[in-house]
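Engineer: here is a sequence together with a model predicted from it:
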Amino acid sequence: MSDDDAAVTAVTAVRSVTVGVPLRWLAAGWRDFLANPLPSAFYGACFALMGFLIYFVFGRAYQYVSALVTGFFLVGPFLAIGLYDLSRRRERGQPPWLAPTLDAWRPNVGSVGIFALVLCVILLVWARASLVVFALFFTYEMPDLHGFLAQLVSFRHGEFLLAYLCVGGFFAVLVFAISVVSVPMMLDRNTDGITASLTSLRAFAANVPAMIVWGLLIVMLVALGFATWFAGLVVIVPVIGHATWHAYRDLVA
């Protein structure tokens, strides 16, 4: 085996973990947050600001809000790269400074940029698919937000909700599978986007029960952040970002 083949094998090797390990990742992420409170909160505040902007700009067009908020989940792995770097700096015993993490993507800008472009394309496709689902079930006139929520609660459009969840779930699982460890891996090992994405897919396939638990934890925590008018995201998003770094460390050999 050549040196290049050995390097590829080493990069793509993955480990299996138990179903309860995601809780340990969150605990490690919380410790990283406590060790780097101000720079971590800076990134959390950026996510909270995004939530506020989405709400105020598109507050009267909920059909767009749904796509944009879901897109929040899609581009999260890329935007959290500074949090991954903070965890790496703590792991290496380096000072928890914010400035060096702001351009942590620079050493591997090509691969990270291409991966970000892929995520943006998926986001755009999802946004279009979301509007198509709305158009198929609300053919005459879009109800206002209160009327729409009332219809959902009364299950008058149960078939719409089922279709929307199926389409959105497909995109969510796709993005989650290719980004579980890909961005931390590109940051840490300067790998290309294809290798990182394939490694992420292999890690996901080898640990489906743990990945289900991890995905549900992320969704519930981010939903909690939304329920607090985005203020909770200042802490929740950094903890998830730091935890993702520890997930990468456990899943990639």
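Structural biologist: Looks like it came in fine. Numbering: from 1, shown residues only.
Engineer: what backbone torsions are found at V14?
Structural biologist: Backbone torsions of V14, given as degrees, to the nearest 10, read phi -130, psi 160.
Engineer: does it touch A206 like I think?
Structural biologist: Yes. Counting by Cβ atoms under 8 Å, A206 is a contact partner of V14 at 5.4 Å. Where C-beta positions appear, they are placed from N, C-alpha and C, glycine not excepted.
Engineer: so for these two, which sits in the more crowded spot?
Structural biologist: V14 (20 against 14; other Cβ atoms under 10 Å).
Engineer: quick one: residues contacting that one.
Structural biologist: Going by Cβ atoms under 8 Å, 6 or more residues apart in numbering, V14 touches T199, R202, A203, A206, L251, V252, A253.
Engineer: out of those residues, which end up buried?
Structural biologist: Among the contacts of V14, those buried by neighbour count (16 or more other Cβ atoms under 10 Å) are T199, R202, A203, L251, V252.
Engineer: output the contacting helices and strands for the host helix or strand of V112.
Structural biologist: Using DSSP states H and E, V112 sits within helix 109-137. Counting contacts by 3 or more Cβ pairs under 8 Å, 6 or more residues apart in numbering; DSSP states H and E, helix 109-137 packs against helix 62-79, helix 158-179, helix 182-189, helix 193-206.
Engineer: tell me the most buried of the ones you listed?
Structural biologist: helix 182-189 (a mean of 26; mean count of other Cβ atoms under 10 Å).
Engineer: helices or strands next to that helix in the packing?
Structural biologist: Where contact means 3+ Cβ pairs under 8 Å, 6+ apart, helix 182-189 is packed against helix 62-79, helix 81-91, helix 109-137, helix 193-206, helix 233-251.
Engineer: neighbouring contacts of it?
Structural biologist: Taking Cβ under 8 Å, 6+ apart as the rule, helix 182-189 contacts 11, 77-78, 80-81, 84-85, 88, 104-105, 108, 111-112, 115, 191-193, 196-197, 199-200, 244-245, 247-248, 252.
Engineer: S16 and F204 touch, don't they?
Structural biologist: No. Assessed by Cβ under 8 Å, S16 is found out of contact with F204, at 11.6 Å.
Engineer: can you tell me how far the closest residue to V14 other than its chain neighbours sits from D188?
Structural biologist: Residue nearest to V14 in three dimensions, not counting chain neighbours: A203, with 4.4 Å by Cβ to Cβ, 6 or more residues apart in numbering. To D188, A203 is 14 Å away according to Cβ to Cβ, to the nearest Å.
Engineer: which stretches of the stretch 151-253 of the chain aren't confidently modelled?
Structural biologist: Applying pLDDT under 70 to the stretch 151-253 of the chain flags residues 151-157.
Engineer: so which strand or helix has the closest residue to G232 other than its chain neighbours?
Structural biologist: Nearest non-adjacent residue to G232, counting by Cβ to Cβ, 6+ apart: G225, 4.0 Å away. Using DSSP H and E, G225 falls within helix 208-227.
Engineer: how far does that helix sit from the chain's center?
Structural biologist: 10 Å (Cα atoms, centre = their mean, to the nearest Å).
Engineer: list the helices and strands that helix packs on?
Structural biologist: Helix 208-227 packs on helix 21-35, helix 37-57, helix 62-79, helix 158-179, helix 233-251, going by 3+ Cβ pairs under 8 Å, 6+ apart.
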